[in-house]
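Colleague: Return a 3D structure for these sequence lines:
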Amino acid sequence: MAQTTGERYRVAPVRRRSREWPFPLNLYQTAVGRKWVMALTGIGLIGFVLAHMVGNLHVYEGPARMHEYAESLRTIGGGLVPKSAVLWLLRLGLLSMFVLHLHSAISLSRMSRASSEDAGLVSGAKRYAGGREHVAATYASRTMRWTGPIIALFILYHLADLTWG
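Modeller: Numbers count the residues shown, from 1 in each chain. Reported below is the predicted structural model:
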């Protein structure tokens, strides 16, 4: 077995981090950690959509019941916290889940593209000799790149129409 030497076959040295991060942040630096964050925030966002839908079903019970539901959202926490404080904390939590989900998606996509380019694939585009077969990928997983922005545009429209005026 012959060894290959020379500048052409040189392997780049491993870069070390300047300091070790705490466990959750250190885990987020890996692809697996980002996938976990993306999954958990996705579950949280779906939970919000379901709770939002169930709450809005009160519209069919009449205006008085809908107003009662809206007022109960503002007074979560009883007299222990100021009015609407818990609601604003929930909104901030929802916004942070959305931002973390979006950041995880973008960074995982960039990591995938970078690893494809490092593997010698032309500009990150994967070339298959026998055509492209999606053995492990479902239709939903292949279209997430497009459904995410569509849902984001709907959320902006929904907020602009019903919340902001």
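Colleague: gap between the residue nearest the centre of the chain and residue 54?
Modeller: Centroid check for the chain by CA atoms, centre = their mean gives residue 101 as the closest residue, at 1.7 Å. Taking CB to CB, to the nearest Å as the measure, residue 101 falls 22 Å from residue 54. No exception for glycine: its C-beta is placed from N, CA and C like everyone else's.
Colleague: In the worst-scoring helix or strand of the chain on mean pLDDT, which residues are buried?
Modeller: Every helix and strand in the chain was compared by mean pLDDT, DSSP states H and E; the lowest is helix 23-28, with a mean of 81. Neighbour counts over helix 23-28 (16 or more other CB atoms under 10 Å) mark residue 28 as buried.
Colleague: what's that helix packed up against?
Modeller: Packed against helix 23-28 by the contact rule (3 or more CB pairs under 8 Å, 6 or more residues apart in numbering; DSSP states H and E) you find helix 31-56.
Colleague: Tell me which helix or strand comes right after the helix ranked longest in the chain.
Modeller: Ranked by residue count, the top helix of the chain under DSSP state H comes out as helix 85-118. As assigned by DSSP states H and E, the chain's next helix or strand after helix 85-118 is helix 139-162.
Colleague: Could you pull up the mean pLDDT of that next one?
Modeller: Averaging pLDDT along helix 139-162 yields 88.
Colleague: In contact with the closest residue to residue 144 other than its chain neighbours, which residues?
Modeller: Spatial nearest neighbour of residue 144, chain neighbours left out: residue 105 (8.0 Å); criterion: CB to CB, 6 or more residues apart in numbering. Taking CB atoms under 8 Å, 6 or more residues apart in numbering, we find residue 105 in contact with 38, 144, 148.
Colleague: Report the buried residues of stretch 38-54.
Modeller: Neighbour-count burial for stretch 38-54 [16+ other CB under 10 Å]: 38, 41, 44, 45.
Colleague: ok, residue 30 - how many residues close by?
Modeller: 11 (other CB atoms under 10 Å).
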